[in-house]
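>>> okay, sequence plus prediction incoming.
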Amino acid sequence: MMTAAFTETDERLSLRLEVAKLAGGYGREFFVRQARSGGKTTDLWLDMGRHGYLGVAIPEEYGGGGGGIGDLAAVCEELAAQGCPLLMMIVSPAICGTVINRFGTTAQKERWLPGIADGSMTMAFAITEPDAGSNSHRITTTARRTPDGWVLNGRKTYISGVDESGAVLVVARAEDARTGRLKPCLFVLPTDATGFEYHPIDMEILSPERQFTVFIDDVAVAADALVGDEDAGIGQLFAGLNPERIMAASFATGLARFALGRATDYVKTREVFDVPIGSHQAVAHPLAQSRIEVELARLMTQKAAALYDAGEDLAAGEAANMAKYAAAEAVCATVDRAVQVHGGNGITSEYGMAGLLVAARATRIAPVSREMILNFVGSYTLGLPKSY
Ligand SMILES: Cc1cc2nc3c(=O)[nH]c(=O)nc-3n(C[C@H](O)[C@H](O)[C@H](O)COP(=O)(O)OP(=O)(O)OC[C@H]3O[C@@H](n4cnc5c(N)ncnc54)[C@H](O)[C@@H]3O)c2cc1C
């Protein structure tokens with residue numbers, strides 16, 4: 001008998017259940033308590049690492065599970081679906097783990113991957129710069145070659161989790177790139193390096209994970225800080241950014257599932273005109289609409305992950321952008337609807353729905369904004385003239 005092509009494997013489905021069980025033991029209450037008290041999610045993170053969930057996509061020889069981005073995306077989604085959306089899932093195992101695994105030397109893999117897999121060496125990722133913003137072709141962080149290695153200078157902004165990371169994968173421009181075209185090089189910088197400073201940015205997002213401005217002031221690193229080929233260019237960078245988009249989509253669909261679950265439970269029991277409010281179509285339809293939108297976004301995310309894991313980078317890039325777009329739209333609409341069906345309770349701390357708004361909203365901006373995705377689909381997919 002043929003199996004349905006759109007069904008995940010039993011292994012993937014049981015991974016989802018296991019992660020949901022572990023994350024559910026911490027739950028939304030833990031996440032919010034840590035966020036409000038200035039605490040961290042280290043216990044959950046290390047627990048995830050111990051169980052092998054952070055490292056599912058890292059090869060077994062480096063301490064991982066040997067799976068793919070589809071598995072890691074499932075982990076990220078299930079965490080978020082339990083109310084624990086972790087941005088560092090997107091950054092450390094997905095971007096940094098992928099880039100080092102695909103382009104690092106054996107020595108670099110041995111040095112960094114086991115810690116990324118077990119959670120003991122979280123790695124942040126820094127591309128965004130204050131003056132370049134979405135236009136990453138304009139980044140000015142430079143790497144100058146020295147007899148011993150490299151010296152880096154520059155400034156990055158909105159970098160997540162630097163305080164929880166032992167190192168940062170920094171996108172810089174080799175100083176001798178005279179063409180003016182983006183020729184990004186990737187360097188691993190330890191967060192305790194001399195000349196490396198970071199300051200928290202006050203954000204309105206309810207999360208224990210924080211964003212930082214990073215100052216890189218004559219940071220000297222050895223030659224082996226460069227990951228991959230100096231001349232490999234943008235393809236190498238995008239090998240990390242496609243998993244980022246797939247993971248961001250999973251973060252969003254997971255969060256949407258969490259909000260929708262809470263909203264659905266609430267409207268089944270809340271009665272104001274003698275019947276549960278969920279029996280009014282004005283309440284039920286927006287939630288049903290969300291269910292459809294979230295399922296569509298999940299399907300596109302799974303397609304993007306399957307393409308990526310099959311090595312089809314170009315097709316995966318297009319699908320990952322579409323998935324990220326769809327997931328961000330779905331979570332923004334879903335959280336808004338979840339707030340609305342709770343009435344006044346929607347904006348109380350007790351019910352915690354409004355506390356999801358900024359995290360949901362952030363998925364429309366980061367890691368790539370909805371407008372930049374529309375630009376990409378307009379020019380790449382539809383073949384329209386490039387507008388910028
Ligand atoms: C919570 C959070 C975590 C983050 N974590 C990280 C991280 O760990 N590492 C990292 O490197 N970065 C991180 N970022 C940065 C994020 O990737 C950027 O915020 C994002 O790429 C947008 O850049 P920007 O903020 O400079 O906005 P801008 O580029 O200034 O854009 C502002 C607005 O203008 C629009 N716009 C700009 N150009 C165009 C155009 N040509 N056509 C149409 N619209 C356009 C954008 O879509 C956007 O709506 C994070 C951001 C947030 C919010």
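Thanks, I have it. Numbering: from 1, shown residues only.

>>> low-confidence regions, the stretch 1-150 of the chain specifically.
Within the stretch 1-150 of the chain, the stretches falling below the threshold (pLDDT under 70) are 1-5.

>>> would you mind listing what in it touches the ligand?
Listed as neighbours of the ligand in the stretch 1-150 of the chain under the rule CB under 6 Å from any ligand atom: 91, 125-128, 133-134. All C-beta atoms are positioned from the backbone trio N, CA, C, and that covers glycine.

>>> ok, now with 8 Å
Residues of the stretch 1-150 of the chain lying close to the ligand by CB under 8 Å from any ligand atom are 87, 90-91, 124-128, 130, 132-136.

>>> are any of those residues buried, and if so which?
Applying 16 or more other CB atoms under 10 Å to those, the neighbour count classes 87, 90-91, 124-128, 132, 136 as buried.

>>> and the residues you listed as JSON lines, adding secondary structure?
Below are those laid out as JSON lines (DSSP: H, G, I helix; E, B strand; the rest coil):
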{"residue": "L87", "secondary structure": "helix"}
{"residue": "I90", "secondary structure": "helix"}
{"residue": "V91", "secondary structure": "helix"}
{"residue": "A124", "secondary structure": "strand"}
{"residue": "F125", "secondary structure": "strand"}
{"residue": "A126", "secondary structure": "strand"}
{"residue": "I127", "secondary structure": "coil"}
{"residue": "T128", "secondary structure": "coil"}
{"residue": "A132", "secondary structure": "coil"}
{"residue": "S136", "secondary structure": "helix"}
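
>>> just send these back as CSV, with distance to E18 too.
CSV is the format used below for these (distance: CB to CB, whole Å):
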residue, distance to E18
L87, 22
I90, 20
V91, 23
A124, 27
F125, 27
A126, 32
I127, 32
T128, 34
A132, 40
S136, 36
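
>>> out of the residues you listed, who's nearest R12?
I90 (18.9 Å; CB to CB).

>>> gap between the closest one and E11?
According to CB to CB, to the nearest Å, I90 stands 23 Å off from E11.

>>> swap in M88?
Counting by CB to CB, the gap from M88 to E11 is 24 Å.

>>> which of these two has more neighbours?
Ranked by neighbour count (other CB atoms under 10 Å), M88 and E11 place M88 first, with 22 against 10.

>>> contacting residues around that one?
Counting by CB atoms under 8 Å, 6 or more residues apart in numbering, M88 touches 45, 122, 124, 160-161, 164-165, 209.

>>> ok, of the residues you listed, which come out buried?
Neighbour-count burial within the contacts of M88 applies to 45, 122, 124, 160-161, 164-165, 209; the criterion is 16+ other CB under 10 Å.

>>> now whatever residue of the chain ends up closest to the ligand: phi and psi?
For the chain, the residue closest to the ligand is G133, as judged by CB to the nearest ligand atom, at 2.7 Å. G133 adopts backbone torsions of phi 50, psi -130, taken as degrees, to the nearest 10.

>>> about what we covered before: what's the closest of the residues of the stretch 1-150 of the chain next to the ligand to A74?
I90 (13.6 Å).

>>> leaving out sequence neighbours, find the closest residue to the most centrally placed residue in the chain.
Centroid-nearest residue in the chain: I90, 2.9 Å away (criterion: CA atoms, centre = their mean). Distances taken as CB to CB, 6 or more residues apart in numbering place M247 nearest to I90, at 4.1 Å, with adjacent residues excluded.

>>> the one you found: which element?
In the assignment (DSSP states H and E), M247 maps to helix 234-269.

>>> now for that helix, which elements pack on it?
Helices and strands touching helix 234-269, by 3 or more CB pairs under 8 Å, 6 or more residues apart in numbering; DSSP states H and E, are helix 69-81, helix 87-89, helix 97-103, strand 184-190, helix 281-309, helix 313-341, helix 357-362.
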